[in-house]
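Undergrad: sharing a model that was predicted from the sequence below.
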Amino acid sequence: MNPDEKEDCECAAPQAQTSPDSGADREHEEPDVENPEASRMKRAAAKHLIERYYHQLTEGCGNECCSNSWCASSAGFTRMDNNAAAVKALELYKVNSKLCDPHPSKKGTASTYLESSTHSNSASSEQQANHKEAHALRENFKDVTHLTEEKVYEILDMCGEKEDYSPLIRVIGRVFSSAEGLVQSFRRSKPHTKEELKSLQGKDEDKDEDEKEAAACSATAMEEDSPTSSSSTRPGEGSSGDNDVQKLAPDEVSVDIEAVRRVYERLLSNEKIEAAFLNALVYLSPNVECDLTYHNVYSRDPNYLNLFVIVMENSNLHSPEYLEIALPQFCKAMSKLPLAAQAKLARLWSHYSAEQIRRMMETFQQLITYKVISNEFNSRNLVNDDDAVVAATKCLKIVYYANVLGGDLDVENNEEEDEEPIPESSELTLQELLGEERRNKKGPRVDPLETELGVRTNDCRRPLIPFEEFVNEPLNEVLEMDKDYTFFKVETENKFSFMTCPFVLNAVTKNLGLYYDNRIRMYSERRITVLYSLVQGQQLNPYLRLKVRRDHIIDDALVRLEMIAMENPADLKKQLYVEFEGEQGVDEGGVSKEFFQLVVEEIFNPDIGMFTYDEYTKLFWFNPSSFENEGQYTLIGIVLGLAIYNNCILDVHFPMVVYRKLMGKKGTFRDLADANPVLNQSLKELLEYEGSVEDDMMITFQISHTDLFGNPLMYDLRENGDKIPVTNDNRKEFVAQYSDYILNKSVEKQFKAFRRGFHMVTNESPLKYLFRPEEIELLICGSRQNLDFQALEETTEYDGGYNRDSRIIKEFWETLHSFGEEQKRLFLQFTTGTDRAPVGGLGKLKMIIAKNGPDTDRLPTSHTCFNVLLLPEYSSKDKLRERLLKAITYAKGFGML
């Protein structure tokens with residue numbers, strides 16, 4: 001026996017002295033009068049056996065498959081009250097009935113009976129006296145079927161006086177291992193008030209102790225007055241608590257959470273008592289899982305949710321002793337909660353403080369990490385098949401949405417849907433050709449819990465804790481994304497896909513999932529084209545072919561893509577194949593990348609006037625007075641979509657509000673800080689001005705801005721706005737309407753065309769489902785943060801006679817590492833066409849350094865479409881540095897030597 005088990009047995013030893021029927025002792029006393037020692041031992045043995053029968057009848061052996069008809073764990077057993085069980089235990093003892101061996105899940109409870117008899121036989125007379133006192137003490141609590149805060153403190157105080165905590169351990173074991181007992185415990189006398197909800201967030205620490213005691217007393221009175229259902233009633237079948245449910249708000253439960261926290265705080269400091277919570281949870285969880293899976297218990301009694309609320313308040317759930325058995329079993333039970341129950345938990349937890357949300361998040365994250373690092377997952381042993389990891393991830397989703405709901409939400413400012421739906425393909429799909437219904441015809445999926453809660457991740461401006469903390473890196477490392485994507489598309493109940501919980505995945509893993517989706521869609525369109533050509537005899541065209549002239553690239557691309565968008569938008573989902581007229585380059589990815597770079601460079605040219613450029617922020621914005629038609633904005637939207645679809649990074653510089661708008665959210669005043677910081681600062685000063693706005697500033701609801709040629713244009717934010725002064729009372733409205741005009745109304749026509757083009761390519765993609773706006777920017781433009789040139793050096797390849805050990809190569813990397821941040825960005829721009837790193841960092845960039853002749857005065861050159869740097873073998877390190885700096889500083893355009 002390990003020390004912990006021995007300690008449990010010793011503290012529970014006095015339990016063995018509790019006899020369900022004291023008459024049994026007297027029956028065995030008289031025959032052994034002549035030998036007091038033998039008589040005492042026989043009585044102790046009799047007590048021990050009767051208590052085991054009693055325990056078997058009331059709590060069972062813990063084996064769900066038990067076949068003993070007189071065991072509470074057997075399927076057909078009819079539960080009985082304590083008195084009936086005591087009588088029956090005596091009868092079973094007399095006839096020497098079958099006695100079950102304690103199941104491993106009953107460690108610390110049933111198993112202590114065997115150990116305690118030996119311990120009691122060796123006890124001294126002083127211990128026997130203590131046992132008699134403890135026996136009387138336990139008799140007072142043997143009928144406790146549920147707990148209140150006062151009852152716990154009462155038992156704790158009495159145990160403290162006797163220095164014997166076994167009665168409390170037994171009560172905790174009995175109540176916390178019983179779903180019915182736990183559901184009835186720590187009930188509130190009335191629903192939460194606003195003040196009490198604040199206390200859940202840790203904001204009411206100064207609340208008067210008298211108020212707490214009064215609330216606790218009223219809760220106790222309610223518990224004592226309310227009748228409890230019999231032990232034979234399955235949790236949820238009784239009527240108790242039904243009236244409470246009617247009075248509760250969607251984000252409230254009938255349990256007194258503050259009382260539960262206070263109880264845990266006092267009890268968890270005692271190691272022996274803590275073990276009782278652990279053992280009880282092991283016994284409780286399988287029964288709860290069964291109730292939720294087969295008995296639909298939550299629909300009959302929503303108070304069943306109290307059980308999960310109480311258990312999750314245990315701050316020790318993430319400790320090592322819970323990770324092996326107790327917490328995985330509890331997560332499996334919790335993952336069986338119906339959607340409505342999950343939503344209610346998320347709403348309740350959304351009122352918790354950031355620290356409490358983080359504690360629950362870390363509990364599930366720790367279990368996931370523990371299971372991942374303690375197993376060897378691979379393509380044959382998938383992490384998707386690990387029940388504990390899957391269950392913990394499902395539970396983590398509830399905490400994630402609680403984090404979203406509890407954050408800074410903006411659910412109102414949503415972009416309007418396009419009036420004209422994106423045209424469907426005129427061709428039949430492969431599924432339709434085969435007589436099958438097309439999947440995902442209505443677009444990408446939406447998380448059911450998201451729908452139930454009526455909130456999206458994109459509605460949350462700032463969560464309680466950062467989204468990044470929900471990412472589990474060890475899980476990402478062992479996840480077989482090709483298999484996971486298959487499970488994601490098939491949507492079977494037997495296989496779980498972590499893509500249904502994208503918050504736990506990092507951007508690299510999600511990008512890989514998107515890559516598989518894009519490639520499979522490309523191959524699918526290619527097969528459809530082949531099959532269609534066989535059926536109808538049309539010309540085979542398996543690729544999205546674009547033939548353009550370099551000097552007319554915008555016109556040629558615009559005409560071709562417009563024709564495709566009108567005739568058959570499905571062709572946009574084919575693999576892109578670009579051909580420059582008069583050139584013989586074969587597009588293996590490099591020509592497409594060059595095409596994207598040229599189109600972006602042309603469209604964002606300020607001389608064209610489609611976008612305005614802010615010198616301060618270095619960002620582009622839609623020109624509200626542009627003379628260009630909507631088709632050109634549609635083109636740039638298609639180009640952005642194609643870049644994601646074909647895994648290319650673009651040198652595009654938009655403020656974040658553009659990506660929020662692409663994901664369906666309108667721009668608001670808060671977005672001005674990024675898009676137009678000067679105007680944002682002015683409006684912020686207006687809001688904070690302490691004097692009279694009307695008298696001192698003399699502003700009206702009419703604003704002015706300049707057109708493409710610098711002419712002033714007037715716009716009324718409200719009807720007759722020039723006659724409505726801005727005052728201290730209406731300045732918030734003025735700021736909101738001003739921001740709405742700048743970010744939404746003034747560019748509505750241009751942005752709708754842009755968004756329409758983007759959605760032509762991505763409308764059936766899981767893009768919206770997987771990524772947040774900041775991650776969409778990362779996909780399109782790459783990252784400006786993760787510039788690890790050491791990783792770039794490790795992955796760079798060499799050609800033309802160079803290798804890693806060449807003198808010039810060593811000098812090159814020494815020179816590059818000595819550059820400042822801005823010079824390193826210029827080098828990236830020169831070599832790859834963008835100053836940003838791809839998703840996953842520079843280590844994912846496949847750069848090639850090739851020899852470009854012997855020592856010379858020529859500058860280094862590059863092929864940005866292939867990330868190739870052509871480097872002459874300069875004679876010295878100083879010359880290398882001087883030539884390289886000049887090349888990256890003054891190079892502009894293609895073909896410079």
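TA: Noted; the coordinates are in hand.

Undergrad: what about residue 685, helix or strand, and which?
TA: Assigned by DSSP states H and E, residue 685 belongs to helix 677-688.

Undergrad: quick one: list the elements packing against that helix.
TA: Applying 3 or more Cβ pairs under 8 Å, 6 or more residues apart in numbering; DSSP states H and E, we find helix 677-688 packed against helix 672-675, helix 731-743. The C-beta positions use only the backbone N, C-alpha and C, and glycine is treated the same way.

Undergrad: what sits up against the longest one?
TA: Outside of helix 731-743, the residues that reach it under the criterion Cβ atoms under 8 Å, 6 or more residues apart in numbering are 657, 666-669, 671-672, 675-676, 679, 683, 686-687, 693, 699, 701, 703, 715, 717-718, 726.

Undergrad: 7 Å - rerun?
TA: Under the criterion Cβ atoms under 7 Å, 6 or more residues apart in numbering, residues 657, 667-669, 671-672, 675-676, 679, 683, 686-687, 693, 701, 703, 715, 717, 726 lie in contact with helix 731-743.

Undergrad: among these, name the buried ones.
TA: Buried members of the contacts of helix 731-743, scored by 16 or more other Cβ atoms under 10 Å, are 657, 667-669, 671-672, 675-676, 683, 686, 693, 701, 703, 717, 726.

Undergrad: of those residues, which pair is most distant in space?
TA: Spatial extent of the buried ones among the contacts of helix 731-743 (Cβ to Cβ) is set by the pair 657 and 693 at 26.4 Å.

Undergrad: can you classify residue 582 by secondary structure?
TA: Under the three-state scheme (DSSP: H, G, I helix; E, B strand; the rest coil), residue 582 adopts coil.

Undergrad: now swap in residue 547 and tell me
TA: strand.

Undergrad: who's in contact with it?
TA: 579, 581.

Undergrad: mind pulling up the pLDDT for it?
TA: Looking at residue 547, its pLDDT stands at 87.

Undergrad: how much space separates it from residue 582?
TA: Distance from residue 547 to residue 582, counting by Cβ to Cβ, to the nearest Å: 10 Å.

Undergrad: next: residue 415.
TA: Residue 415 is 42 Å from residue 582, where distance means Cβ to Cβ.

Undergrad: now residue 624
TA: With Cβ to Cβ as the criterion, residue 624 and residue 582 are 38 Å apart.

Undergrad: can you list the residue ranges for strands in the stretch 501-650 of the chain?
TA: 544-548, 576-580, 611-614, 619-622 (DSSP state E, counting those that start in this stretch).

Undergrad: using JSON lines, lay out these together with distance to residue 43.
TA: Below are the strands of the stretch 501-650 of the chain laid out as JSON lines (distance: least, Cβ to Cβ, whole Å):
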{"stretch": "strand 544-548", "distance to residue 43": "90"}
{"stretch": "strand 576-580", "distance to residue 43": "89"}
{"stretch": "strand 611-614", "distance to residue 43": "92"}
{"stretch": "strand 619-622", "distance to residue 43": "88"}
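
Undergrad: for residue 564, find the nearest of the ones you listed.
TA: strand 544-548 (7.2 Å).

Undergrad: the domain parsing of this protein - what is it?
TA: In terms of domains, the chain is parsed into 51-95, 145-187+251-316, 514-779, 784-890 (source: the TED database).

Undergrad: check contacts around residue 499.
TA: Shown in contact with residue 499 (Cβ under 7 Å, 6+ apart): 484, 485, 488, 513, 770.

Undergrad: try it again at 6 Å.
TA: Residue 499 is in contact with 484, 488, 513, counting by Cβ atoms under 6 Å, 6 or more residues apart in numbering.

Undergrad: hang on, the second one packs against residue 498?
TA: In other words, residue 488. No: with contact defined as Cβ atoms under 6 Å, residue 488 does not count as touching residue 498 (8.4 Å).

Undergrad: more neighbours: which of these two?
TA: Legend: neighbour count by other Cβ atoms under 10 Å for residue 488 and residue 498, higher for residue 498 (26 against 23).

Undergrad: excluding its backbone neighbours, what's nearest that one?
TA: Leaving out its chain neighbours, the residue that sits closest to residue 498 by Cβ to Cβ, 6 or more residues apart in numbering is residue 484, at 5.6 Å.

Undergrad: confirm that the one you found lies within a helix, as I assumed.
TA: Yes: under three-state DSSP, residue 484 sits within a helix.

Undergrad: give the contact list for it.
TA: 497, 498, 499.

Undergrad: which phi and psi does the last one have?
TA: What that stands for is residue 499. Main-chain dihedrals, residue 499, degrees, to the nearest 10: phi -70, psi -20.

Undergrad: now it: how far from residue 511?
TA: Counting by Cβ to Cβ - residue 499 and residue 511 are separated by 12 Å.

Undergrad: what's opposite residue 870 in the beta bridge?
TA: residue 850, residue 861 (DSSP bridges).

Undergrad: before we move on, back to that, out of residue 415 and residue 582, which sits in the busier spot?
TA: Each of residue 415 and residue 582 has its neighbours counted (other Cβ under 10 Å); residue 415 has more, 18 against 7.

Undergrad: count the residues that sit near the closest residue in space to residue 835 that isn't next to it in sequence.
TA: Leaving aside its chain neighbours, residue 835 sits nearest to residue 825 (4.0 Å; criterion: Cβ to Cβ, 6+ apart). By other Cβ under 10 Å, 17 other residues sit near residue 825.

Undergrad: also residue 819?
TA: Neighbourhood size, residue 819 [other Cβ under 10 Å]: 17.

Undergrad: and the closest residue to it other than its chain neighbours, what element?
TA: Leaving out its chain neighbours, the residue that sits closest to residue 819 by Cβ to Cβ, 6+ apart is residue 827, at 6.8 Å. Using DSSP H and E, residue 827 sits within helix 821-832.

Undergrad: my read: residue 470 touches residue 503, true?
TA: Yes: if you go by Cβ under 6 Å, residue 470 and residue 503 touch, sitting 4.6 Å apart.
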